[in-house]
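# All I have is the shape, not the residue letters:
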């Protein structure tokens, strides 16, 4: 009788241990107004601690967002056809490595683009493809007149 009782107590203890172990590894909800920033987003806030230590919660202010760094050609949200690299051009929808190379070659052979519509002169840029990317590109005329930007 005592052995049976001890076996039941051991089973209950084991079950409770498993439940606590599972619950302990689940992510905990953050309190209101506190956000845990990853190390990449806030390197100045990084504090060395023991291996496996939890990130330090940082209080946030109303409307505060982490700052993201962008490349200079994408700072305004549009890619400048006269300054873009092949990698920048490949980030446009429908533009792969071959077409980006053609755009670069056109720019070397003919000269800088004077308006966004000149992109249609590149082999492989048809009306549909141009319509998809015309709001994502711009042309800076050098030397600049006024603000120097002519956009689609």
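Thanks, I have it. Treat the numbers as computed from the prediction; the structure is a model and nothing was measured. Numbers count the residues shown, from 1 in each chain.
# Break this structure into its domains for me.
According to automatic domain parsing, the chain comprises the domains 30-65, 72-151.
# mean pLDDT lowest for which of these?
Mean pLDDT is lowest for domain 30-65 among the domains of the chain, at a mean of 54.
# where along this protein do the strands fall?
Here the chain has its strands, by DSSP state E, at 34-36, 57-59, 79-80, 137-140, 149-151.
# which helices and strands does the longest helix seen in the chain pack with?
Counting by DSSP state H, the longest helix found in the chain is helix 2-25. Contacts defined by 3 or more Cβ pairs under 8 Å, 6 or more residues apart in numbering; DSSP states H and E place helix 2-25 against no helix or strand at all. Heads up, the C-betas are built off the backbone N, CA and C, glycines and all.
# What's the end-to-end length of stretch 107-116?
13 Å (Cα to Cα, to the nearest Å).
# got the buried residues for that stretch?
107, 113, 116 (16 or more other Cβ atoms under 10 Å).
# Residue 89: which of the residues you listed is nearest?
Lowest distance from residue 89 to the buried residues of stretch 107-116 (Cβ to Cβ) belongs to residue 107, with 10.0 Å.
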